[in-house]
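**Student:** For reference, the sequence and a predicted model appear below.
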Amino acid sequence: MNKFILVVVAFLFIAQSALAASPPWYRAAALLRKTIGASACFQVGKPELPTDGTRTYVITILACSDAAGRGLAQVIKKDFGYVVIRIISPAGVAAANVVEEPSVDQLKEAFEAGLTQNPYYVAFHPRGGFSNVTVEFKREVVQLFTDNLADLYGNSNYVAADAFSQVLGLQYGKLKVGTTTARN
């Protein structure tokens, strides 16, 4: 009995999310599909393990335009631990031109280019509570299957702002970004 308890406790410490049985790369892909992939402008691929021997999965996101790809490349979280994000333009070229220390105006342009076609996105606000800027999302629930052991159907449920706070970078140089839910 003690060995069984030790194995269960060890599993809980090893798992990135104690309530999820899915590997972290599947959870990251599901979260990206349900947030970024909700836009008709982006297609989120499956996690792929590179052939170079590294143990970091790559999720490729295909953008509908160069501008949308560059905008998303600026604002998306680049590293999910075991997962790295790669954004590709329609021509098959990796999105580039990421500004390391963007101004508020540059960040606004990036968010609007990368998220304007997203059905959850409402607005970019050049002010915030504890952050320098705030990105506003609709009052919607984002539901994804993650093998959540605490849910009858294995789902995880997030308010859109919370889901996007997990896939967007929240620090861009000196600028901190907050997410919020629309009032109505």
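**Tutor:** That came through, no problem.
**Student:** Next, Ala110: secondary structure please.
**Tutor:** Secondary structure of Ala110, reduced to three states by DSSP: H, G, I helix; E, B strand; the rest coil: helix.
**Student:** excluding its backbone neighbours, what's nearest it?
**Tutor:** In this structure, Ala110 finds its nearest non-sequential neighbour in Gln74, 3.7 Å apart by CB to CB, 6 or more residues apart in numbering. The way it works is simple: take the backbone N, C-alpha and C, and place the C-beta from them, glycine included.
**Student:** Burial check on the one you found, number of neighbours?
**Tutor:** By other CB atoms under 10 Å, the residues close to Gln74 number 22.
**Student:** Just the C-alpha atoms of stretch 170-181, please, in PDB.
**Tutor:** Taking Å, rounded to 0.1, in the frame of the first residue of the first chain, the C-alpha atoms of stretch 170-181 are listed here in PDB:
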ATOM      1  CA  LEU A 170       2.800  38.900 -21.000                       C
ATOM      2  CA  GLN A 171       6.100  40.800 -20.900                       C
ATOM      3  CA  TYR A 172       7.500  42.600 -23.900                       C
ATOM      4  CA  GLY A 173      10.700  44.400 -23.000                       C
ATOM      5  CA  LYS A 174       9.600  46.700 -20.200                       C
ATOM      6  CA  LEU A 175       5.900  46.500 -21.100                       C
ATOM      7  CA  LYS A 176       3.700  44.200 -19.000                       C
ATOM      8  CA  VAL A 177       0.500  43.100 -20.600                       C
ATOM      9  CA  GLY A 178      -2.700  42.100 -18.700                       C
ATOM     10  CA  THR A 179      -5.800  40.400 -20.100                       C
ATOM     11  CA  THR A 180      -9.300  41.200 -19.100                       C
ATOM     12  CA  THR A 181     -12.900  40.200 -19.900                       C
END
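**Student:** All set now, cheers.
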